[in-house]
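1. Predicted model follows, preceded by the sequence.
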Amino acid sequence: MDSSDLAQVRRTLWKAADELRANSTLTPTDYRGPVLGLIFLAYAEHRFEAVRPDLEANATARRPVTPDHYRARSVLFVPDEARLSGLVGRPEGHDLGAAVDAAMRAVETANPELRDVLPKGFRRLEPSTLTELLRLFAPLPRTLSGDAFGLIYEDFLSNFAMTEGRLGGEFFTPYSIVRLIVEIIEPYHGKVFDPACGSGGMFVQCAKFVERHAGSATRELSIYGQEQKEVTVPLAQMNLALHGLSGDIGLGNSYYDDLHHSVGTFDFVMANPPFNVNGVDKNRLAGDPRFPFGLPRSDNGNYLWIEIFASALNDRGRAGFVMANSAGDAGHSEREIRRQLVESGAVDVMVAIGTNFFYTVTLPVTLWFLDNAKRGSDREDTVLFIDARHLYRQIDRAHRDFLPEQIELLANIVRLYRGEDVETTDGSDTLVKERFGDGAYVDVPGLCRVATRAEIEAQGWSLNPGRYTGTAAVADDGEDFAEKLASLYDEFTRLSDEANVLRAKVDIAVQGILAT
């Protein structure tokens, strides 16, 4: 997504908020219902119309198009009366609120997995306000790509609900981060679990991975999610439905509730849990098999999440999750848990991500990857560390992401480490050849390094990639360092003197104006 797309989304959302603030009785925390409901209809229709001509061209009287044909193409079936384009064109004076409510019910009837999920109550809005919202959102799908629904959910909540403290430590996972996680864990087939699933973006990208590799996500993947906030569960169900997917999304607090009997169950685990959560009642966790390495003594939930993810994997399962940087070096009881995890042979890859990748916060993060299948392999005693902090595209002043070829490069480093074939469909061939010209993995200073378990032990069981990758080699330009430093200092002094002179002139001019 480029900066103009992101800016357009934000402008549209702010216009919607202005309409609601000025012309409705809804509070800011109630905005999400009507706005996300209309966004849902807009994206559902957009995806529906993209495949409709092809499906109808191949239909016959004996084999008419059914909702199942759309699901097979990973698209939600949208009945005629639920098309947002038709609602926008309703004549003035028509009960538009009732029509939108009917549209939501029609979608639910055609797609039973959405029963009682979509927002209703649009008659509470003034007709003119609802008309303006429809006008704003109808063209929106044409401007975005990726997990647009999840992005809008994040941006909307971050702008309009942050003041009430409802976000806490939770952040929507940006598309390029999720895409990188998916490319590294490679969920071709199996059961996928996210115990902090939010709006379901991890599942959507798993499905897209399968489709990129000529598979059918509906046949190859079984989706299981858990989410603590009641208002968020329908958003995940809506996001899955938008992409023709269905899954078992349960409402529960993952610290205490194990709705899917997760221990040893899943082929893949993906998650972006809330960081550094305090106040978890560890007395309720005593004896829980999800914590095989023991409970951390510190009042911090990071290692609870790490154990939840690790214990959910089956014997060949892989996990990829976002974690606060501090977890890689945490001491005391957390270091002991980390030691046990490394010694188990499951820790596979650690990737350092720079600042400004998240839409509402600047914090850097680390991606952790576990792979139970590496036990017994020649990788059992090693961990691959990647420092990706210098790789990014600057979207705007405050936001970064990865280019497709950068995601592919990072995933290819892992593939080479695992002895797999590289992929170059996103244009990473030049980047790969520059660093791995012989087509085999090698340590690249400042980018990647394979460390043994003994080396990790010597570092106090740290899993911070920066401790291992070092810095990139810089070519010697032949210039004496002391001379170069002196020259730079002289230039700095000259510029500072000029700035002081200019500041004095500005002060005199301003004081003269103020004295008149």
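-> Arrived safely.
2. Need the phi and psi values for the residue lying closest to Val178 once chain neighbours are set aside.
-> Distances taken as Cβ to Cβ, 6 or more residues apart in numbering place Gln205 nearest to Val178, at 4.6 Å, with adjacent residues excluded. In short, each C-beta sits where N, CA and C put it, glycine included. Main-chain dihedrals, Gln205, degrees, to the nearest 10: phi -70, psi -30.
3. now do Ala373
-> phi -70, psi -20.
4. next one: the one 3 residues further on
-> Phi and psi for Gly376, reported as degrees, to the nearest 10, are phi 90, psi -10.
5. Show me what whichever strand in the chain runs longest pairs with in its sheet, parallel or antiparallel.
-> Longest strand in the chain by number of residues, with DSSP state E as the criterion: strand 313-324. The sheet places strand 313-324 alongside strand 266-271 (parallel), strand 365-371 (antiparallel), with pairing taken from DSSP bridges.
6. Pick the most deeply packed of these.
-> strand 266-271 (a mean of 26; mean count of other Cβ atoms under 10 Å).
7. Show the secondary-structure elements that the helix or strand following that strand is packed against.
-> Using DSSP states H and E, the next helix or strand after strand 266-271 towards the C-terminus is helix 302-311. Using 3 or more Cβ pairs under 8 Å, 6 or more residues apart in numbering; DSSP states H and E, the elements in contact with helix 302-311 are strand 266-271, strand 313-324, helix 333-343, strand 365-371.
8. Including mean pLDDT and distance to Ala398, could these go into JSON lines?
-> Listed next are the helices and strands packed on helix 302-311 as JSON lines, based on pLDDT from 0 to 100; distance: least, Cβ to Cβ, whole Å:
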{"stretch": "strand 266-271", "mean pLDDT": "97", "distance to Ala398": "25"}
{"stretch": "strand 313-324", "mean pLDDT": "97", "distance to Ala398": "19"}
{"stretch": "helix 333-343", "mean pLDDT": "97", "distance to Ala398": "31"}
{"stretch": "strand 365-371", "mean pLDDT": "97", "distance to Ala398": "16"}
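9. Now do the same for the helix or strand encompassing Ser496: mean pLDDT, whole number.
-> Ser496 belongs to helix 481-515 when assigned by DSSP H and E. The average pLDDT within helix 481-515 is 71.
10. Could you do stretch 48-64 as well?
-> Mean predicted confidence for stretch 48-64 is 91.
11. Can you give the contact residues for that stretch?
-> For stretch 48-64, contacts defined as Cβ atoms under 8 Å, 6 or more residues apart in numbering pick out Val65, His69, Tyr70, Arg73, Val75, Leu76, Phe77, Val78.
12. Where does confidence bottom out across these?
-> Comparing these by pLDDT, Arg73 comes last, at 85.
13. Just give me the neighbour total for it.
-> The tally of other residues near Arg73 (other Cβ atoms under 10 Å) stands at 17.
14. Do I have it right that it meets Thr218?
-> No - Arg73 is beyond contact range of Thr218, at 9.5 Å (criterion: Cβ atoms under 8 Å).
15. Now the element after the lowest-mean-pLDDT helix or strand in the chain, going C-ward?
-> Of the helices and strands making up the chain, the lowest-confidence element is helix 148-160, at a mean of 59, by mean pLDDT, DSSP states H and E. Per DSSP H and E, the first helix or strand lying C-terminal to helix 148-160 is helix 175-185.
16. Which elements pack onto that next one?
-> Using 3+ Cβ pairs under 8 Å, 6+ apart: helix 175-185 touches helix 201-212, strand 266-271, strand 313-324, strand 347-353, strand 365-371, helix 404-418.
17. circling back to that earlier point, top of the contacts of stretch 48-64 by number of neighbours, please.
-> In terms of neighbours by other Cβ under 10 Å, those top out with Leu76 at 26 neighbours.
18. tell me which element that residue is part of?
-> Here Leu76 is assigned to no helix or strand, by DSSP H and E.
19. ok now do it, which residues does it touch?
-> Residues near Leu76 by Cβ under 8 Å, 6+ apart: Ala44, Arg47, Phe48, Tyr70, Val107, Asn111, Ala241, Leu242, His243, Gly244.
20. who touches both of Arg73 and Thr218?
-> Common contacts of Arg73 and Thr218 (Cβ under 8 Å, 6+ apart): Gly244.
21. close enough to count as contact, Met238 and Glu113?
-> No - the criterion here is Cβ under 8 Å, and Met238 misses it with Glu113 at 10.1 Å.
22. what about Arg435, how many residues close to it?
-> Considering only other Cβ under 10 Å, Arg435 is surrounded by 16 other residues.
23. Offset the numbering so it begins at 45, please.
-> Sure, I'll start numbering at 45, so the last one becomes Arg479.
24. Go ahead and confirm it touches Leu491.
-> Yes - counting by Cβ under 8 Å, Leu491 is a contact partner of Arg479 at 6.8 Å.
25. dump the residue contacts of Phe337.
-> Glu351, Ala354, Glu380, Ile381, Gln384, Leu385 are the contacts of Phe337 under Cβ under 8 Å, 6+ apart.
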